[in-house]
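Participant: what follows is a predicted structure for the sequence shown.
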Amino acid sequence: MEDTGALMVKTKKYLRSALISSKGGLPAEQVYRDYRDIVGEGIPYRRLGYETLDSFLNAVPDVCRISRRPTGEVVVLGVADETTKHIQELVNRQNSKSKKKAKPKRPTRRPMQQSTHWDPPQQQSQQRVGGSGRFPNQRGR
């Protein structure tokens, strides 16, 4: 069994790395998944003596800060320490993903509707007078 103090230090380190690597924080639902993707197991908040993930996140203000967006969505932001401050600065300087305006789609062209009573014009038959057939205006050279 791992010592609770060592487990807390390790959990804080991994949680900070998961949160700082995302610009603008993570939605509360995604924090657990990102931590699990990095570490290979979920956040061990129960082994650390916390009933819920929210209570654990509120208990570590040196690692994360919880806020709300204007839409009401709960967001968890990473708090950098001296060793991770430079990483957070690099992440914050990255260009945000901009939502490009969708160009209005041009209507697709449809073929003109053919009249059901239309007959193509008849081909006129031409009689050839001499010549090789390649150049109809030139006669027997």
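Facilitator: Structure's in. What do you need?
Participant: and residue 46, what's its pLDDT?
Facilitator: You'll see residue 46 listed with a pLDDT of 90.
Participant: what do you get for residue 110?
Facilitator: 71.
Participant: distance of it from residue 104?
Facilitator: Note on residue 110: its distance to residue 104, by Cβ to Cβ, to the nearest Å, is 18 Å. No exception for glycine: its C-beta is placed from N, CA and C like everyone else's.
Participant: same check on residue 7?
Facilitator: Here the criterion is Cβ to Cβ. By it, residue 7 lies 55 Å from residue 104.
Participant: ok, those two, which is more surrounded?
Facilitator: Legend: neighbour count by other Cβ atoms under 10 Å for residue 7 and residue 104, higher for residue 7 (14 against 6).
Participant: give me the helices and strands touching the host helix or strand of that one, please.
Facilitator: Taking DSSP states H and E as the definition, one finds residue 7 inside helix 4-20. Counting contacts by 3 or more Cβ pairs under 8 Å, 6 or more residues apart in numbering; DSSP states H and E, helix 4-20 is packed against helix 28-39, strand 64-68, strand 74-78, helix 85-93.
Participant: any chance of the ones you listed in a markdown table, plus mean neighbour count?
Facilitator: Shown next, in a markdown table, are the helices and strands packed on helix 4-20 (neighbours: other Cβ atoms under 10 Å):
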| stretch | mean neighbour count |
| --- | --- |
| helix 28-39 | 16 |
| strand 64-68 | 15 |
| strand 74-78 | 19 |
| helix 85-93 | 12 |
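Participant: distance to residue 56 and mean pLDDT added to those, as a markdown table?
Facilitator: Shown next, in a markdown table, are these (distance: least, Cβ to Cβ, whole Å; pLDDT from 0 to 100):
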| stretch | distance to residue 56 | mean pLDDT |
| --- | --- | --- |
| helix 28-39 | 10 | 86 |
| strand 64-68 | 10 | 86 |
| strand 74-78 | 11 | 84 |
| helix 85-93 | 21 | 70 |
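Participant: now those in JSON lines, with distance to residue 16?
Facilitator: Shown next, in JSON lines, are these (distance: least, Cβ to Cβ, whole Å):
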{"stretch": "helix 28-39", "distance to residue 16": "10"}
{"stretch": "strand 64-68", "distance to residue 16": "8"}
{"stretch": "strand 74-78", "distance to residue 16": "6"}
{"stretch": "helix 85-93", "distance to residue 16": "10"}
